[in-house]
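Enquirer: Give me a 3D structure for the following:
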Amino acid sequence: MKVIKIMNYLVFISGFVLFSFFGLNSAQKFNNIVNIFHHYGNNNLSHDNELHLVNKAPDYNLELGNLVFYFESKPVINFIPEREKNINMTGMASKIFIFPYAQVKDEKLFKKTNMETGCGYKLKIERVSSPIKGIKVTFFYDLNTVAFDYKFFDSIGNYKGVVFNFYNKNLIEKLKSLDDKILKTVDGKKKIVIVDLGHGGSDFGAISKSGLNEKDVTLSIGYKVEKILKKKGFDVFLTRDCDKTVLLDERTSFANNFSEDKILLSIHANSSLNTGASGIETFFLDNSLFQDNDFFYGDACKESIKIIENRRSIRSKNSFLLASNLQENVYNFIKQASSKYKDRGVKKSVSQLLLGSHMPAALIEVGFLSNDKDLKFLQLLDNHEIVASGICKGIVEYFEHKIK
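Expert: Here you go, the predicted structure:
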């Protein structure tokens with residue numbers, strides 16, 4: 001049996017090298033990795049109290065984290081099988097993936113994510129030249145508590161992406177034993193709204209010809225949203241409370257650390273080279289934007305995968321509901337003050353903030369700073385109150401009708 005395993009491994013390596021030589025030869029163009037994000041889940045997860053976590057927030061604690069790569073062109077992933085389970089002294093198993101002929105030009109991307117530790121797993125990203133040039137990604141993870149998969153997607157800016165999703169395996173097992181009707185009655189006592197104020201600090205966002213910065217518009221509207229929602233009894237948390245720089249994965253990790261019944265709202269202002277473009281639009285993350293595959297690691301059965309997909313489906317539907325309520329109410333409030341404001345509708349998007357959020361989430365663009373009419377509206381602070389009021393009404397309606 002041991003000889004057979006060795007022979008199978010040698011056959012794979014031979015095939016891998018042949019593929020590398022004939023499929024990706026020395027003339028092969030390198031695929032640049034333009035960005036890497038690591039979104040943390042709940043790092044306070046306790047494996048000694050899983051049932052309590054199920055009863056408290058089954059959807060929230062399902063995902064432990066996400067590792068996302070953005071490429072200039074569609075990536076190829078090669079999985080390196082092991083001759084036998086590789087478990088080190090700490091009890092962590094490992095899985096190895098290679099992106100052939102991929103390269104990272106910005107050293108900061110390596111420093112930002114390499115050797116980071118999530119809940120039950122650790123990442124290692126490095127350049128390799130054998131058996132093929134490219135980027136090697138190694139996951140060290142607890143076999144008993146972590147499962148993961150990966151999916152491809154197309155992102156904004158025509159980049160091609162791949163996301164590795166890490167799941168709470170113990171919680172999946174608990175969910176199998178609970179009746180679906182019980183799950184649907186589980187709800188947090190508190191209603192938490194995390195308000196993301198787009199850009200900030202050294203990141204100005206869009207800038208109008210008059211010098212109005214997107215980061216200032218979002219900060220002003222966000223403050224007003226916080227004030228209104230708190231009066232209505234919501235617990236509100238801002239990803240930034242002043243003019244400071246906050247990275248995208250820091251924003252999602254901050255939001256993911258809250259339990260209870262929560263949503264994420266991200267406020268932005270738009271811009272376009274086409275100065276005629278105007279109006280508001282709202283984005284949400286839909287499961288249809290991802291390309292399914294059969295790769296799932298962690299000894300997960302079909303029932304486990306079904307549970308994960310079901311929870312993700314519910315979140316996607318709630319994100320659409322949130323986006324729809326926001327779009328409708330903000331537009332209705334704005335058009336009373338500016339009848340020519342355009343309703344650009346609700347749209348699907350794999351934006352980084354939506355991708356890394358482990359909860360229903362929506363991103364609203366409240367107008368174009370590059371458009372004279374939209375700019376005139378957004379320059380007035382009183383109109384920020386109008387936008388905030390529409391946002392808050394949309395949030396209230398969401399919690400009244402959300403899918404449990």
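Enquirer: CA only for contacts and neighbour counts going forward, please
Expert: Fine.
Enquirer: burial of Tyr121, as a residue count?
Expert: Around Tyr121 sit 21 other residues, with neighbours defined as other C-alpha atoms under 10 Å.
Enquirer: This structure: helices as residue ranges?
Expert: For the chain, applying DSSP state H gives helices covering 2-18, 50-56, 107-113, 169-177, 180-185, 214-231, 248-256, 302-337, 352-355, 372-378, 381-401.
Enquirer: tell me the mean pLDDT over the fifth one?
Expert: This means helix 180-185. Along helix 180-185, the predicted local confidence has a mean pLDDT of 47.
Enquirer: can I assume Asp149 is in contact with Phe97?
Expert: No - under the criterion of C-alpha atoms under 8 Å, Asp149 is not in contact with Phe97, lying 12.0 Å apart.
Enquirer: in the sheet, who's paired with Leu197?
Expert: Ile267 (DSSP bridges).
Enquirer: unless I'm mixing things up, it is touching Arg251, no?
Expert: No - in this structure, Leu197 is not within contact of Arg251 by C-alpha under 8 Å, at 9.6 Å.
Enquirer: quick one, which of those two is more surrounded?
Expert: Higher neighbour count among Leu197 and Arg251: Leu197, with 28 against 23, using other C-alpha under 10 Å.
Enquirer: got a pLDDT number for the more buried one?
Expert: According to the predicted model, the pLDDT of Leu197 comes to 98.
Enquirer: ok, it - contacts?
Expert: For Leu197, the contact set (C-alpha atoms under 8 Å, 6 or more residues apart in numbering) comprises 215, 218-219, 222, 238-240, 266-268.
Enquirer: at 10 Å what do you get?
Expert: 214-223, 238-243, 246, 251, 265-268 (C-alpha atoms under 10 Å, 6 or more residues apart in numbering).
Enquirer: Give me the distance between Asp149 and Ser304.
Expert: In this structure, Asp149 and Ser304 are separated by 12 Å, where distance is defined by C-alpha to C-alpha, to the nearest Å.
Enquirer: avg pLDDT for stretch 233-246?
Expert: This predicted structure assigns stretch 233-246 an average pLDDT of 96.
Enquirer: What residues sit buried inside that stretch?
Expert: For stretch 233-246, the buried set under the neighbour-count rule, 16 or more other C-alpha atoms under 10 Å, comprises 234, 236-240, 243, 246.
Enquirer: before we move on, what about stretch 269-287?
Expert: Buried residues in stretch 269-287, defined by neighbour count with 16+ other C-alpha under 10 Å: 269-271, 277-287.
Enquirer: Let me know how buried Ala323 is, in neighbour terms.
Expert: 29.
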